[in-house]
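*Asks:* could you look at this predicted model? Sequence included:
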Amino acid sequence: MRRFNLLLCLLAFFLPAQSQQMKKVLFFGNSYTNVNNLPGLFAQVAKSQGDSVVYDQSTPGGFTFQMHTQNPVTPVLIAETDWDYVVLQEQSQLPSWPPDSVQNLVYPYADTLNHWVKAHDSCSTTLFYMTWGRRTGDLENCPWYPTVCTYDGMQGRLRESYLEMGRMFTAQVSPVGIAWQHTREIFPAIGLYAADGSHPSICGSYLAACTFYGVIFQKSPVGAWYPAPIPSDTAQILQQIAWHTVFDSISVWYIDTTKVHAGFTAEYLGGGTFRFTNTSLNATRYAWDFGDQGSSTDTDPVHTYAAPGSYLVTLTAGRQCDTSSFARQQTVVSIDCQLLPGEPVLYPNPSTGIVYVNPAWLKLHSPANFTVTDQQGNLILKGTLGKGNPCLSLSAFAKGVYHVRIETSNEVFMEGLVLGR
C-alpha cells in the first residue's frame with residue numbers, strides 16, 4: 001500500500017481545498033449498475049464526505065445503449081431536470097467485441113444518447129461507465145473472438161472502447177474497470193465478483209461508488225462511509241485504489257480538472273467598510289451578494305455597510321457552464337464614526353468606544369495601517385485608516401488599557417488607550 005499512501009500525500013498538496021458540493025446525476029445502464037444499488041452507494045459515500053447527490057436511474061437487466069434509445073422512459077428522465085452528469089453504461093460484453101462490431105452496435109447509440117443529453121442541457125456532462133472484464137473472460141464469445149477468452153483480453157478491449165467513446169463524444173470516463181484491474185493485481189483476495197463471475201459483489205459495487213465519487217466530485221473517498229458487510233481495512237483499500245485510479249491518470253479519463261472553486265478573504269477597514277479579495281480558481285466572472293441587498297460584479301470589491309450587524313456575504317464564481325459558490329459571515333461592530341476636530345493624534349483618551357484620528361495628521365500620513373492590542377499583546381483589531389475612515393470603533397471591547405499602533409510609509413505612532421464605560 002506504500003505507493004497509494006505516497007500518492008495521497010502528493011494529491012493533498014497539489015489539489016485545492018474544496019467546499020461542500022451538490023451534484024445531480026442520472027444513471028442509464030443495466031444490472032451492473034442496479035445490483036447492490038450503485039447510485040445509492042455513491043450517494044452515501046458523498047454524504048459521508050460532506051457532499052450531496054440527487055439521482056435517478058434507468059437500469060433494466062440486460063439493457064444495451066440501443067435499448068435505451070428505444071425506451072420511452074429515456075427522454076423523459078433526461079428532461080426531468082438539468083443534470084450535472086448523465087452516466088452511460090453499456091451491456092457488459094458488447095464494448096469488448098471486435099472494433100468493427102463496436103463501431104456498428106455501440107457507438108451510434110452512444111452518440112444518440114449523448115446528443116439527447118446535450119440537446120436538453122448543453123452544460124450536462126456525459127460520463128461513460130467503463131465496466132470490468134468477467135472473472136475468467138467471456139467464455140460465451142471466446143470461440144469466435146479469442147481476444148476475450150481471458151480476463152486481461154476482455155478488460156483491454158473494454159478500456160479501448162470506452163476511451164474511444166470519451167474521445168469521440170467529448171465526454172468523461174469513469175475508470176471502474178481499471179480500478180477492478182488494480183485490485184485484482186495487488187489484492188487478489190478481495191472478492192469483487194458475485195458467484196456468477198460477472199456481476200459485482202458488494203465490494204465490487206463499493207469500489208465503483210468510490211471511483212464515481214472521485215470522478216464527479218474530484219475529491220478523495222478515503223475515510224468515507226462503507227457498507228457494514230465490508231471489513232474496515234478492505235474498505236480503506238478500495239477507497240485508496242479508487243482514488244489512485246482516478247487521479248493517477250486523470251487526463252486519460254478526459255476528466256476536466258479546471259473546475260471553478262470560489263473563495264475570498266475579507267479585510268475590515270473600519271467605518272462599516274470591507275475590502276474583499278477574490279481567491280477563486282479558474283473563474284472568469286463573479287457575482288457578489290453582500291447580504292444587505294448590495295451586490296457587485298467586480299473581482300475585488302470594496303463595500304460599505306450602512307448599519308452594524310452580521311451579514312452573509314456570498315460569492316458566486318463561474319466560467320462557461322461551471323459555477324461555484326462560497327459564503328462567509330462578516331460582522332460590522334459599529335459604523336458610528338463622525339469626524340470631530342482635535343489637537344491630539346488620537347482623541348478622546350480615555351474613550352467610551354469611538355476613538356478619532358486627528359484629520360490634519362491623517363491628511364499628511366494617509367493611508368495608515370493600524371493595530372490595537374490588549375495588555376497581553378493579543379491582536380484585537382486591525383485595519384486601514386483614510387479620509388473615509390477617520391476613527392477606530394472599539395465599542396464591542398471590554399474596558400481596560402489597550403495599545404494603538406498606527407504605521408505609515410514614513411512614520412510609526414504608538415499610544416496607550418484607556419477604554420472605559
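*Replies:* Cool, the structure landed. Numbering: from 1, shown residues only.

*Asks:* quick one: average pLDDT of stretch 22-35?
*Replies:* For stretch 22-35, the mean per-residue pLDDT is 97.

*Asks:* export it as PDB, just CAs?
*Replies:* Extracted in PDB, the C-alpha atoms of stretch 22-35 (Å, rounded to 0.1, in the frame of the first residue of the first chain):
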ATOM      1  CA  MET A  22     -24.300  19.000  -4.600                       C
ATOM      2  CA  LYS A  23     -24.500  17.100  -7.800                       C
ATOM      3  CA  LYS A  24     -27.400  15.800  -9.800                       C
ATOM      4  CA  VAL A  25     -26.600  12.500 -11.500                       C
ATOM      5  CA  LEU A  26     -28.700  10.300 -13.900                       C
ATOM      6  CA  PHE A  27     -27.700   6.700 -14.400                       C
ATOM      7  CA  PHE A  28     -28.500   4.700 -17.600                       C
ATOM      8  CA  GLY A  29     -27.300   1.100 -17.500                       C
ATOM      9  CA  ASN A  30     -28.400  -2.400 -16.600                       C
ATOM     10  CA  SER A  31     -27.900  -4.900 -13.800                       C
ATOM     11  CA  TYR A  32     -24.200  -3.900 -13.400                       C
ATOM     12  CA  THR A  33     -25.500  -0.600 -12.100                       C
ATOM     13  CA  ASN A  34     -28.600  -1.900 -10.400                       C
ATOM     14  CA  VAL A  35     -27.100  -4.700  -8.400                       C
END
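
*Asks:* how about it: buried residues?
*Replies:* 23-35 (16 or more other Cβ atoms under 10 Å). For every residue, glycine as well, the C-beta is placed using N, CA and C.

*Asks:* kindly reformat these as CSV containing distance to P200 and secondary structure.
*Replies:* As requested, the buried residues of stretch 22-35 are exported to CSV (distance: Cβ to Cβ, whole Å; DSSP: H, G, I helix; E, B strand; the rest coil):
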residue, distance to P200, secondary structure
K23, 22, strand
K24, 24, strand
V25, 18, strand
L26, 20, strand
F27, 14, strand
F28, 17, strand
G29, 12, coil
N30, 12, coil
S31, 9, helix
Y32, 7, helix
T33, 9, helix
N34, 10, helix
V35, 6, coil
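
*Asks:* of those, closest to H199?
*Replies:* V35 (5.2 Å; Cβ to Cβ).

*Asks:* what are the phi and psi values for the closest one?
*Replies:* Backbone torsions for V35, taken as degrees, to the nearest 10, come to phi -60, psi 130.

*Asks:* for it, what are its contacts?
*Replies:* Each residue near V35 by Cβ atoms under 8 Å, 6 or more residues apart in numbering is listed here: A194, H199, P200, S205.

*Asks:* at 10 Å what do you get?
*Replies:* Neighbouring residues of V35 by Cβ atoms under 10 Å, 6 or more residues apart in numbering: T59, G61, A194, H199, P200, S201, I202, G204, S205.

*Asks:* how is this protein carved up into domains?
*Replies:* Recorded structural domains for the chain (assignment: automatic domain parsing) are 2-248, 264-332, 346-419.

*Asks:* how far off centre is the shortest one?
*Replies:* Shown here is domain 264-332, whose average C-alpha point lies 19 Å from the average C-alpha point of the whole chain (Cα atoms, centre = their mean, to the nearest Å).
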